[in-house]
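**Student:** sequence unavailable; structure follows:
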């Protein structure tokens, strides 16, 4: 189980850095971030939060590409503006 979490963290790290030509400095300079959208009534979300999110947070990529967590009580409400902090409103509109 722990090995799988490590592989997922590696995947997220590689994917994030590959998006900017492999440079952590470029990712940080570009303000790149991972936006996670989840809900309390979402079983896959609970699994990701328990297994994958800690792996990403503890990975080297999270230092350059921070995780922003958007969470609502119900999946149906996850994309309502009230659930999104002001610094993420641009992502919501896209």
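**Tutor:** Okay, I see it. Being a predicted model, the structure only gives us computed values, none of them experimental.

**Student:** mind listing what's buried in stretch 32-49?
**Tutor:** Neighbour-count burial for stretch 32-49, counted by 16 or more other C-beta atoms under 10 Å, picks out 32, 33, 34, 36, 37, 38, 39, 42, 45, 48. Backbone N, C-alpha and C define where each C-beta goes, glycine included.

**Student:** tell me the confidence at the closest residue to residue 66 other than its chain neighbours?
**Tutor:** In space, and not counting its chain neighbours, residue 66 is closest to residue 33: 5.2 Å by C-beta to C-beta, 6 or more residues apart in numbering. For residue 33, the pLDDT comes out at 79.

**Student:** same check on the one 5 residues further on?
**Tutor:** As predicted, residue 38 sits at a pLDDT of 92.

**Student:** which strands border the helix or strand hosting it, and is each parallel or antiparallel?
**Tutor:** Here residue 38, judged by DSSP states H and E, is contained in strand 34-39. Applying DSSP bridges to the sheet, strand 34-39 is found paired with strand 67-72 (parallel).

**Student:** many thanks, I have nothing further to ask.
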